[in-house]
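Student: From the sequence below, what's the structure:
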Amino acid sequence: MMATNILAALSLSLAIALSWSRFRPIFSPSTGVEILRAPATTLASAICLSALGLAFNDATIGAGGLIVVLGFLLPFVLARIPVRTSTEVSLSLASVLLMFHIWIAG
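Tutor: Numbering: from 1, shown residues only. The predicted structure follows:
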């Protein structure tokens with residue numbers, strides 16, 4: 001039972017991390033309209049906000065905060081890995097991880 005909780009929390013953190021790079025630009029005033037209206041931005045926003053909500057819904061405030069902080073720190077770790085993927089691959093993996101969390105926690 002404990003291993004499934006850890007897998008569910010890690011899947012949320014990874015979903016946040018993988019969608020954050022495309023979700024973050026919507027908060028910048030210098031972001032172009034074409035990026036703001038792109039379907040990838042909409043998908044990243046939905047994934048990131050859903051993962052943030054589920055982090056606090058399924059856990060206590062402390063555990064949810066830990067999931068979110070880990071999700072915000074992981075992009076810095078992933079940026080140092082020499083393997084690069086496209087936005088589409090990252091968002092696809094993030095959505096699979098979000099569905100995995102819903103399946104395992106449900």
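Student: Would you state the helices of the protein in chain order?
Tutor: Secondary structure of the chain (DSSP state H): helices at 2-23, 33-36, 39-58, 61-80, 87-105.
Student: hey, which of those helices is tucked in deepest?
Tutor: Comparing the helices of the chain on average neighbours per residue, with mean count of other Cβ atoms under 10 Å, the densest one is helix 2-23 at a mean of 20. The way it works is simple: take the backbone N, C-alpha and C, and place the C-beta from them, glycine included.
Student: Run through who's touching it.
Tutor: 40-41, 43-45, 47-49, 51-52, 54-55, 58-59, 63, 66-68, 70-75, 78, 87, 90-91, 93-95, 97-98, 100-101, 104-105 (Cβ atoms under 8 Å, 6 or more residues apart in numbering).
Student: what is the mean pLDDT for that helix?
Tutor: Averaging pLDDT along helix 2-23 gives 90.
Student: What of stretch 86-99?
Tutor: 94.
Student: Can I get that stretch in PDB? Just the C-alpha atoms.
Tutor: C-alpha atoms of stretch 86-99 as PDB (Å, rounded to 0.1, in the frame of the first residue of the first chain):
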ATOM      1  CA  SER A  86      10.300  17.700 -27.900                       C
ATOM      2  CA  THR A  87       7.400  19.500 -26.200                       C
ATOM      3  CA  GLU A  88       5.000  17.000 -27.600                       C
ATOM      4  CA  VAL A  89       6.800  14.000 -26.100                       C
ATOM      5  CA  SER A  90       7.100  15.800 -22.700                       C
ATOM      6  CA  LEU A  91       3.400  16.600 -22.700                       C
ATOM      7  CA  SER A  92       2.400  13.200 -23.800                       C
ATOM      8  CA  LEU A  93       4.500  11.600 -21.000                       C
ATOM      9  CA  ALA A  94       3.000  14.100 -18.500                       C
ATOM     10  CA  SER A  95      -0.500  13.200 -19.500                       C
ATOM     11  CA  VAL A  96       0.200   9.500 -19.200                       C
ATOM     12  CA  LEU A  97       1.700  10.100 -15.700                       C
ATOM     13  CA  LEU A  98      -1.400  12.100 -14.700                       C
ATOM     14  CA  MET A  99      -3.700   9.300 -16.000                       C
END
